[in-house]
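Participant: model this:
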Amino acid sequence: MLTKKGKYGLKAMMHLAGRPPGEPSLVAEIAAANDIPKKFLDTILGELRNAGLVNSKKGKGGGYTLARSAKEIRVGHIIRVLDGPLAPIQCASKTSYRRCDDCRDEKGCGVRLVMLEAREAIATVLDNRTLADMRAFALQGEAEFTYII
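Facilitator: Next up, the predicted model:
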């Protein structure tokens, strides 16, 4: 499940994607426009900056901007930065794999096999959608939304 941190991060990134390229947004502005607690958003934007997804500038005329074009930023990357692996359980993760303590037969474990399938489906969608796609979906609305799988 997507955490509030992940959801707020996606909302903030969509906000920045809606700005003219290079035009900064203040944390307070992003927070107010998206109903995000400012202090929490400060932390989220710091993590996104450390991951190279946003740039920040202090002082007059400062704020946050996207580090790359919205067409180049994958939704899956944003979520992994903020929430960690996409897999529902660790034994199904590609990046943070860990065998379950209670598993006797990992290759024949039905739970793991279904969770691997779920992880692949989630990754297929999130790694093939960009921030620009999310913005376009928001502008079109649900009626015109097209599923990937």
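Participant: Below-threshold pLDDT in the protein: ranges please.
Facilitator: 142-149 (pLDDT under 70).
Participant: ok, and the closest non-adjacent residue to residue 127?
Facilitator: residue 76 (4.0 Å; Cβ to Cβ, 6 or more residues apart in numbering). To be clear about C-beta, it is placed using only N, CA and C from the backbone, and glycine gets the same treatment.
Participant: ignore the last one, residue 88
Facilitator: Residue 88 sits nearest to residue 115 (Cβ to Cβ, 6+ apart), 5.0 Å away.
Participant: That neighbour against residue 87, yeah?
Facilitator: Yes: contact criterion Cβ atoms under 8 Å: residue 115 and residue 87 qualify, at 6.6 Å.
Participant: coming back round to it: need the contact partners of whatever helix or strand the residue nearest to residue 127 lives in.
Facilitator: Secondary structure from DSSP states H and E places residue 76 in helix 75-83. Contacts to helix 75-83, defined as Cβ atoms under 8 Å, 6 or more residues apart in numbering, come from residues 2-3, 5-6, 9-10, 13, 44, 47-48, 51, 53, 86, 95, 123, 126-127, 129-131, 133-134.
Participant: what do you get if the cut-off is 6 Å, keeping everything else the same?
Facilitator: 3, 5, 6, 9, 13, 51, 126, 127, 129 (Cβ atoms under 6 Å, 6 or more residues apart in numbering).
Participant: Which residues does the helix or strand containing residue 115 contact?
Facilitator: Element membership for residue 115 (DSSP H and E) is helix 110-126. Residues from elsewhere that reach helix 110-126 (Cβ under 6 Å, 6+ apart): 75, 76, 86, 87, 88, 89, 91, 92, 148.
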